[in-house]
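Q: predicted structure and sequence below. I'll ask about it afterward.
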Amino acid sequence: MSGTSTEHHDPAVAFESAKLGLWTFLATEVLLFGALFTAYTVFRMKYPELFRVEHAKLDRVLGAVNTVVLITSSFTVVLGVDAIKRGKTRLLEVCYGATILLAAVFLCVKYVEYAAKFHHGLYPRTNLFFSLYFVMTGLHGIHVLLGMGLLSYVIVLSRRGRLSASYYTPAEMSGLYWHFVDLVWIYLFPLLYLLG
Amino acid sequence: MAGIGHPVAEGNGRGYLAERGWRSWAFTLDHKRIGAMYLWSTIFFFLVGGVFALLLRLELLSPQTRYFSNHAYNVFFTLHGAMMIFLFIIPAIPSGLGNFFIPLHVGARDVAFPRLNLASYWVFVAGFLVIIGSLVAPMDTGWTFYTPYSAKSAAAVTTLSLGLFLIGMSSILTGLNFIVTIHKLRAPGMTWHRMPLFIWGMYATSIIQVIATPVVGVTFLLLAAERLLGVGFYDPAKGGDPVLFQHFFWFYSHPVVYVMILPAMGIISEVIPVFSRKPIFGYKAIAYSSLAIAFIGFLVWGHHMFTSGMSPLANAIFSFLTFFVAVPTAVKVFNWIATLYKGSITFESPMLYALTFIFLFAVGGLTGPFLGALATNVQLHDTYFVVAHFHYTMMGGTVMGFFAGLHYWFPKMTGKMLNEKIARLAWALVFIGFNVTFFTMFIVGTRGMPRRYAEYIPKFHTENVISTIGSAVLAVGILVMCWNFLQGLRKGAPAPADPWRALSLEWRAASPPETENFHEIPVVTEWPYSYGTPKS
C-alpha cells in the first residue's frame, strides 16, 4: 500500500496529504449534491409533465452563456497552476484574478435570471421544479462564492511571496476545488435547462 | 513489538498538560488536547442526556401522566435522543479517544491537519450553541425529526437543523483528518497489517462519516428550506413525499450507528488481548470485517421504513441485506471469544467493561434479526422492543466500549492511576442497573407497549416500575464512575508508561505523553499483539 513517513513536516508528505484530504472532501461534496440529484430523479420520474412544461420557463441562452463562462474559468485556473509550477507568481495572480472575474460574471448572470423569475412570480415555493431549480442552483452559487474566497486567498498568499515552484499546494488545491464547482454546473445545466 | 529491548519513555509527570491557561487549550493544535476537550464536552452531554432519560423513567412510574405534561414528555425524549446521538455517542469515541490515540497508535506526532482539527472542535461548539438557541421553543418531534410534523411543528426546527448541520460538518472534518492521517503519517514499518485494530475500526468509521454525513446535512438544509422558503420536497400537498425525508434521514442515520459501534469494537479488540495475554485471534478477519460492516451498512437503511409504505420488493431486499450485515459483526464476536479461549484472563476494570460489551452486544445483536425480519418487524415496530434493542447495542455496546476505553487509557491520558476497587464497584452497579432497566423493555415491547407515550395501559405497570428502579441504579453507577475519574485526576497514584503491559505504540510514549508524542519516531517491526510469547 502507500508509503509511510518518517517525519510529520516532510513537504512531500504534506502535499500528498493535502491532495488526499481534498479528494476526500470532494467525495463529501458529491454526496451533498447527490441527495439533491436523487430528489431530482425521483420527482422527474413522478411528474414528467411538470418538468416538461416548467423547464421551458428557464432562459437557455443565459444558462449556456454561464456554462461557457464557467468552463473558461476552469481553463484560467489550469493556466494559473501551470504558471506557479514554473515559478511565475505574477502569471498565477493574473490567471486566478481572471477566474474570480469570470465567477463574478457567472453570479451576475444568475442574479439576472433569479430576478426575472421572481418578476414572473416564480419562487422556490411555486412548484417542485422551481423548488429544485432554486435549491440546486442556490447551493451551487454558495459554492461559487466559497471558491472565489479560496482563489482570493491564494492571490493574497502569492503576493506575500509564500508560493513558489517548490510550494504551490494552496494554488493546486483551490484549483481542484474550482474544477469540482465547475463540474457540478456541467450537470445542472442540461438537467434543469435542456431536458424536456 | 517495537518496544522490545528499548527503554520505554518515562514521563516527567506533566507531559502535554504542562502548559496552563485557557489560551493554551482554546488555541491548541495538539491532537491530545483537542481530544481531551472533546471528551470533556461529550461526557458533559452524556450526563445531561442521562438526566432527561431519568425524567422519562420518572414519568413512566405511573400509567397516567403524573409529573409532566404530554408535551414536556415529548420534549424530554426528543432532547434525550438528540443529545445522546448527535452530541455524545457520535463524537465521543471518534473525536475524543480517536483524536487522542490515532496519532499515538500509528506513531505520528499529530494528525495530518492540526488546524483543521481545532476548527472541527470549534465548529462542534458553534453547532452546540445554535442548538442551545433552539431551546427557546424546544423540539418535540423525536430525534428523527420526521416530516410532515417537523415541517409544521411550532418548535424551533429550523434553528436546530442548522445546529445539527454544523455538528455534521465537524464530524466530516474529523473523519477526513483521520483518513489522511492513517494513510500518510504511519511510522516507518507500520504496514496496514501491523496497525492496531482500533485504527482499522476508526478508518472504517471515518469513511462512513465522510460519505454519509453530507446527506443528512442536505436533509436538514431542505427541512429548513421547507420551513423558510416553502420548498415542497417533503410536503404531499405540493407533490413532495414525506417518505423521501425518511430515505435521506436513514441513509445517514443507519450507517451512523456503525460510526457509533465500530470505534467501540476497535477498543474491545485492543483490550481483550491485553487482559487475556494472548495474541488477537483472526486479526485480518476483524480488520476487514470493519470495512465490510461500513460497506454493507450503507445498503440497509430501508429496514427503518418497513411500515412506511415501501414496495414489497424493496422491503424484501432491505431485509435480506440487514441479515447480511450481521455476518461481519458476528465474525468479530467469535474472534474475540477465540482470543479469550485459554488466555490468562484478568479482570481489571477495562476488561470488565470489554466483557460486558461482548455480552450485552450479543443480546442486542441477536434481537436485531427479529426487527430485520419483515413479519416480526410489523409486530414489533415502534414498541419498547426497539428501544431495548437499540439501547443494548448502543449503550450496552458503544457506551460500554467507551467506558472500557476510558478506563484502559486513563493512565495514559492523565498520568494517574484510577482506584480499581471503586471502578469495579461502579461497573457492577452499571451492569446490574443497565440490565434491569432495559431487559424489562424487551418484555413489555413483545407484549405490545408502544414507545414515545407518556401514558400506558396499567398491565405494564410492574415492569415499568422495575425498569425505573434499574435506571436509578444505573445512574448511581455512572456517578460513582465519574467521581472515581475526578478522584483519579486529583490524587491518583502516578501512572507508569505501560501499566497494563500492552504493546501498541501509545504505551511507548510517556504517561501523560509529551507534546510531540515520541522523542524519536518509532520504527515498527511487528504487529502489536505478540502477547503470551516469551518476549512479552
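A: Nice, I can see it.
Q: what's around residue 180, how many residues?
A: Using chain A here. 18 (other CB atoms under 10 Å in any protein chain shown). (Glycine included, C-beta is placed from N, CA and C.)
Q: can you look at chain B instead?
A: 24.
Q: how about low-confidence regions in chain A?
A: Applying pLDDT under 70 to chain A picks out residues A:1-9.
Q: what does it put close to chain B?
A: A:1-2, A:4-8, A:13, A:16-17, A:20-21, A:24-25, A:27-29, A:31-36, A:38-39, A:42-43, A:46-47, A:50, A:123-125, A:127-128, A:131, A:134-135, A:139 (CB under 8 Å from any CB of the partner chain).
Q: in helices only, show me those residues.
A: Among the residues of chain A next to chain B, the members found in helices (DSSP state H) are A:13, A:16-17, A:20-21, A:24-25, A:27-29, A:31-36, A:38-39, A:42-43, A:46, A:50, A:128, A:131, A:134-135, A:139.
Q: tally of neighbours for residue 15?
A: Going with chain A. A:Phe15 - counted by other CB under 10 Å - has 15 other residues nearby.
Q: nope, chain B
A: Counted with other CB under 10 Å, the neighbours of B:Gly15 add up to 21.
Q: with adjacent residues omitted, what lies nearest to it?
A: Nearest non-adjacent residue to B:Gly15, counting by CB to CB, 6 or more residues apart in numbering or on different chains: B:Pro512, 3.7 Å away.
Q: closest residue of chain A to chain B?
A: For chain A, the residue closest to chain B is A:Arg125, as judged by CB to the nearest CB, at 2.9 Å.
Q: for A:Gly141, see how far away that residue is.
A: Distance from A:Arg125 to A:Gly141, counting by CB to CB, to the nearest Å: 18 Å.
Q: quick check: closest non-adjacent residue to B:Leu166.
A: Using CB to CB, 6+ apart, the nearest residue to B:Leu166 is B:Gly127, at 3.2 Å.
Q: how about the helix or strand hosting that neighbour: buried residues?
A: Using DSSP states H and E, B:Gly127 sits within helix B:114-133. Of the residues in helix B:114-133, B:114, B:116-118, B:120-121, B:123-124, B:127-128, B:130-131 count as buried by neighbour count, 16 or more other CB atoms under 10 Å in any protein chain shown.
Q: please tell me I have it right and the residue of chain A closest to chain B contacts A:Val135.
A: No: A:Arg125 is beyond contact range of A:Val135, at 11.3 Å (criterion: CB atoms under 8 Å).
Q: ok, now which ones touch the residue of the stretch 301-450 of chain B at minimum distance from chain A?
A: Using CB to the nearest CB, the closest approach of the stretch 301-450 of chain B to chain A is made by B:Trp301 at 12.7 Å. Neighbouring residues of B:Trp301 by CB atoms under 8 Å, 6 or more residues apart in numbering or on different chains: B:247, B:250-251, B:253-255, B:318.
Q: before we move on, what about A:Asn66?
A: A:106, A:109-110, A:185, A:189.
Q: quick one: which of these has the most company?
A: Neighbour max across the contacts of A:Asn66 (other CB under 10 Å) = A:Phe106, 25 neighbours.
Q: hang on, the earlier thing: can you give me the buried ones in the next helix-or-strand element following the helix holding B:Gly127?
A: Moving toward the C-terminus from helix B:114-133, the next helix or strand (DSSP H and E) is helix B:149-152. Within helix B:149-152, the residues scored as buried using 16+ other CB under 10 Å are B:150-151.
Q: anything in helix B:149-152 near chain A?
A: No: Helix B:149-152 is not in contact with chain A by CB under 8 Å from any CB; minimum separation 12.5 Å.
Q: packing partners for whichever helix or strand comes after that helix?
A: The C-terminal neighbour of helix B:149-152 among helices and strands, as given by DSSP H and E, is helix B:157-184. The contact analysis (3 or more CB pairs under 8 Å, 6 or more residues apart in numbering or on different chains; DSSP states H and E) places helix B:157-184 against helix A:11-46, helix B:90-91, helix B:99-106, helix B:114-133, helix B:197-228.
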